[in-house]
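Enquirer: Show me the folded form of this:
(one chain, ligands or ions: 2)
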Amino acid sequence: MPETMTLPPIGALAEQAQRVTIHPSERALRGHVRLPGSKSITNRALLIAALSRGTSRICGALRSDDTQHMITALRAFGVSISEGDDLKISPPAQWTASGAPLFLGNAGTAMRFLAAAAVLTNGPVKLDGDRHMRKRPIGPLVSALQAAGVAIEAPTGCPPCTVIGSGRFAGGGLRISGALSSQYISALMMIAPLAERPTTLHIAEPRIDASGYLDVTISVMRAFGAKITRRDAQTIGITNSGYRATRLKVEADASAATYFWAAEALTGGQLDLGIAQSEQPDVMARAIMRRFPELPDHINGAQMQDAVPALAVLSAFSNGDVHFTGISNLRHKECDRLQVLHEGLNRMQPGLATLTGNDLIVHGRPTLGRDALDCEIDPHLDHRMAMSFALAGLRCPGVSILAPGCVNKTFPSYWKRLEDLGVILSFA
Ligand SMILES: O=C(O)C1=C[C@@H](OP(=O)(O)O)[C@@H](O)[C@H](O)C1
Ligand SMILES: C=C(OP(=O)(O)O)C(=O)O
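Expert: Ligands and ions are numbered 1, 2, ... in the order given. Okay, the predicted model is just below:
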């Protein structure tokens, strides 16, 4: 190749490629990894900024498919958003409904948060997503909004859903089930400061999965001046004091960090990720991963669900069986993650994982790197499946991942970050 010819950037290679093959790392991975901003914080901050008085600025925001869907939808409501190094958000006096359906891909946060916020527009809004999103339940949120007087329908119990915005939200006492997703509760929490009266949210279950995301919601709401109190595990009180614009710095994404904590463990390396303490639920995975290869024989994934795929792949190389419980909601994520994890692990080596109801048991084999079969993993276009199974390739020769561009949902620079650490990838 002539010296002047430059290779296309790796992001473009990954997007166009049908597969990526990961070559085992000969050495321990060391160095600094620049992580993207938190998806959960970015999409909350975008929505709340769009509901605030004044112009807000968000620094360190995640730029990915999920946040782009949120930005595009907010613009359709009349919100002005400029995308420089920082995001600058200026809401209109009143959100407007353009009439055109809003396509939100497979972005759960955008779908659930906007289904609730669309009530604040002045007309009909149809929210739709891709074929995966059309299988992800939204019924409990729809029922809670209907009980609050909102005209909203999702005939299949999943998107598409149609909201007839009245420009107002009554607030008051609301009951919501968070059994299938904590995002339903976050969605109601975030519109409550704009209600006509104070809101008390009653969560139907005494304990829900992913409840740490409610604390993330509270923190972002407070940064925009909301008055909100988590009275107990099932009760949240929110004053109708509105939001005021602010400047918010988004912290690094803890779910993105899990892949690099696992990569450290698998290669015996040490990485500086610039993420220490955080409210984000997936930071809990770090302490567990540090114990590798002696992982606990039981991991309850209920409160760190997005870390489970990376933990499951890491477990395949551990010294024993790891029994994952509390993970039934993984069936309603970007794909049926329990099914796809089970399928992918057994493709790496038959018998590596067992699925018993909604529990996954990974039968760790410390020698796996040496005796694994060449395998092609179909992540079913799920970013976390792609990023997690790629980790197996750090130890096993011949691991390839189909449609690697699916990482764009939350981590477009994932492959580049691995290459920056010296991992050799072949895109085809
Ligand atoms: O509120 C959030 O930002 C999220 C909550 C979790 O989903 P569920 O509440 O649907 O379990 C998590 O899996 C998702 O990636 C982000
Ligand atoms: C479940 C996820 O995303 P969401 O629900 O926001 O689509 C995820 O990122 O793993």
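Enquirer: any idea of the mean pLDDT for the biggest helix by length in the chain?
Expert: Criterion DSSP state H: the longest helix present in the chain is helix 254-267. What helix 254-267 shows for mean pLDDT is 98.
Enquirer: could you say what helices and strands the helix or strand just after it packs with?
Expert: Next along the chain after helix 254-267, taking DSSP states H and E as the criterion, comes strand 270-272. Secondary-structure packing of strand 270-272 (3 or more CB pairs under 8 Å, 6 or more residues apart in numbering; DSSP states H and E): strand 30-32, helix 254-267. Yep, even glycine has a C-beta here, placed from its N, CA and C like the rest.
Enquirer: Reformat those as a markdown table; add mean neighbour count.
Expert: Formatted as a markdown table, the helices and strands packed on strand 270-272 follow (neighbours: other CB atoms under 10 Å):
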| stretch | mean neighbour count |
| --- | --- |
| strand 30-32 | 12 |
| helix 254-267 | 26 |
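Enquirer: Please name whichever of the ones you listed is nearest to ligand 1.
Expert: When those are compared by CB to the nearest ligand atom, helix 254-267 sits nearest ligand 1, at 6.7 Å.
Enquirer: follow-up on the earlier one: can you tell me if the longest helix of the chain touches ligand 1.
Expert: No: residues of helix 254-267 are not located near ligand 1 by CB under 6 Å from any ligand atom, the shortest gap being 6.7 Å.
Enquirer: Any idea which of the helices and strands packed on strand 270-272 gets closest to ligand 2?
Expert: helix 254-267 (6.4 Å).
Enquirer: Please report how far Lys409 lies from ligand 2.
Expert: To ligand 2, Lys409 is 7 Å away according to CB to the nearest ligand atom, to the nearest Å.
Enquirer: Now for the residue lying closest to that residue once chain neighbours are set aside, how many residues are close by?
Expert: Leaving aside its sequence neighbours, Lys409 sits nearest to His383 (CB to CB, 6 or more residues apart in numbering; 4.1 Å). His383 has 27 neighbours, counted by other CB atoms under 10 Å.
Enquirer: Could I get the contacting residues of His383?
Expert: 334, 406-411 (CB atoms under 8 Å, 6 or more residues apart in numbering).
Enquirer: follow-up on the earlier one: would CSV of the helices and strands packed on strand 270-272 with distance to Leu248 be doable?
Expert: Below are the helices and strands packed on strand 270-272 laid out as CSV (distance: least, CB to CB, whole Å):
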stretch, distance to Leu248
strand 30-32, 24
helix 254-267, 17
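Enquirer: Of those, give the one that comes closest to Gly351.
Expert: Gly351 lies closest to helix 254-267 among the helices and strands packed on strand 270-272, at 20.6 Å (CB to CB).
Enquirer: which residue ranges form the helices in this protein?
Expert: Under DSSP H, the chain gives helices at 10-16, 39-49, 65-76, 108-117, 139-147, 183-191, 212-223, 254-267, 284-289, 308-315, 337-348, 368-371, 383-392, 414-420.
Enquirer: So for the first one, mean pLDDT?
Expert: Think helix 10-16. Computed over helix 10-16, the average pLDDT equals 74.
Enquirer: Ok, the last one next?
Expert: Mean pLDDT, computed over helix 414-420, is 97.
Enquirer: Then the second one?
Expert: For helix 39-49, mean pLDDT is 98.
Enquirer: who's in contact with that helix?
Expert: 56, 58, 61-62, 64, 66-67, 70-71, 74, 81, 87, 89, 91, 107, 109-110, 113-114, 117, 186, 190, 213, 216-217, 220-221, 223-224, 226, 243, 245-246, 248, 250-251, 253, 255, 280, 410.
Enquirer: Same list (the helices and strands packed on strand 270-272) but as TSV, adding distance to ligand 2.
Expert: Converted to TSV, those look like this (distance: least, CB to the nearest ligand atom, whole Å):
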stretch	distance to ligand 2
strand 30-32	24
helix 254-267	6
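Enquirer: just to revisit the earlier point, of all the helices of the chain, which one is nearest Ser25?
Expert: Of the helices of the chain, nearest to Ser25 by CB to CB is helix 254-267, at 5.0 Å.
Enquirer: between that closest one and helix 308-315, how big is the angle?
Expert: Here helix 254-267 runs at an angle of 0 degrees relative to helix 308-315 (axes from the mean of the first three to the mean of the last three CA atoms, to 10 degrees).
Enquirer: to the chain's geometric centre, what's the distance from helix 254-267?
Expert: Distance of helix 254-267 from its chain centroid, counting by CA atoms, centre = their mean, to the nearest Å, is 16 Å.
Enquirer: what pLDDT does the residue of the chain found nearest ligand 2 get?
Expert: Residue of the chain nearest ligand 2, by CB to the nearest ligand atom: Gly108 (2.4 Å). Predicted confidence (pLDDT) for Gly108: 98.
Enquirer: Find the nearest non-adjacent residue to it, please.
Expert: Using CB to CB, 6+ apart, the nearest residue to Gly108 is Gln183, at 5.8 Å.
Enquirer: I figured the one you found hits Phe113, correct?
Expert: Yes: under the criterion of CB atoms under 8 Å, Gln183 is in contact with Phe113, at a separation of 7.1 Å.
Enquirer: In terms of packing, which of the two has more residues around it?
Expert: Neighbour count, other CB under 10 Å: between Gln183 and Phe113, Phe113 has more, with 29 against 25.
Enquirer: Spit out the contact partners of the more buried one.
Expert: 43-44, 47, 70, 183, 186-187, 190 are the contacts of Phe113 under CB under 8 Å, 6+ apart.
Enquirer: Relative to Arg175, which of those is nearest.
Expert: Checking the contacts of Phe113 against Arg175 by CB to CB gives Ala187 as the nearest, at 14.2 Å.
Enquirer: To what extent is the closest one buried, counted in neighbours?
Expert: Neighbours of Ala187 under the rule other CB under 10 Å: 26.
Enquirer: For it, give me its contacts.
Expert: 112-113, 115-117, 141.
Enquirer: Touching, Gly369 and Thr267? I think so.
Expert: No: Gly369 is beyond contact range of Thr267, at 10.7 Å (criterion: CB under 8 Å).
Enquirer: Spatially, which residue comes closest to Gln280, not counting chain neighbours?
Expert: Once flanking residues are discounted, Gln280 sits nearest to Ala254: 3.7 Å by CB to CB, 6+ apart.
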